[in-house]
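> Predicted model and sequence below, questions to follow.
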Amino acid sequence: MPRGARLKQRGGVHIPACSYFDLAGSINLGKKFSVGLGVSNIADKVPPTAMHLRDPGLSQLKTDPLLDPLRTEPRFQAIERELKFPR
């Protein structure tokens, strides 16, 4: 039985492996000056997240006391809005 199938039987979520490639380079222009350039995630892949994977643990987002320190964070509030939890 594939690993992902076993996880789903136990109620878990299988997160697929994914590779991200970054590119960076620099050039020295004299002894005191250099120019650098970098590109992150060249293939522009979207990382798997709990929301994309429909993780059942998200149902506890509003009530889990361990998440209390994050409730004032804008990114956390954006997730709550996207999940359309009642206020």
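That came through fine.
> Relative to Gly30, how far out is the nearest residue to Leu67 once chain neighbours are set aside?
Among residues not flanking Leu67 along the chain, Leu61 sits closest, at 6.6 Å (C-beta to C-beta, 6 or more residues apart in numbering). C-beta here means a position set from N, CA and C on the backbone, and glycine is covered the same way. Counting by C-beta to C-beta, to the nearest Å, the gap from Leu61 to Gly30 is 53 Å.
> Which residue of those two possesses the greater neighbour count?
With neighbours defined as other C-beta atoms under 10 Å, Leu61 and Gly30 compare such that Leu61 has more, 17 against 6.
> Okay, strands next: where are they in this structure?
All strands of the chain, identified by DSSP state E, fall at 23-28, 34-39.
> nearest to Pro65, of the ones you listed?
Evaluated with C-beta to C-beta, these place strand 34-39 nearest to Pro65, the distance being 39.6 Å.
> now the angle between strand 23-28 and that closest one, please.
Using axes from the mean of the first three to the mean of the last three C-alpha atoms, to 10 degrees, the direction of strand 34-39 lies 170 degrees away from that of strand 23-28.
> quick one: contacts of strand 34-39?
Contact partners of strand 34-39, identified using C-beta atoms under 8 Å, 6 or more residues apart in numbering, comprise 22-29.
> Give me the mean pLDDT for it.
Here strand 34-39 scores 91 as its mean pLDDT.
> which residues does Ile27 contact?
Contact analysis of Ile27 by C-beta under 8 Å, 6+ apart lists 34-36.
> quick one: it from Asp68, how far?
48 Å.
> Repeat that for Asp22.
Note on Asp22: its distance to Asp68, by C-beta to C-beta, is 34 Å.
> thinking again about what came up before, could you point out the member of the contacts of strand 34-39 that lies closest to Glu73?
Using C-beta to C-beta, the contacts of strand 34-39 come closest to Glu73 at Asp22, 25.7 Å.
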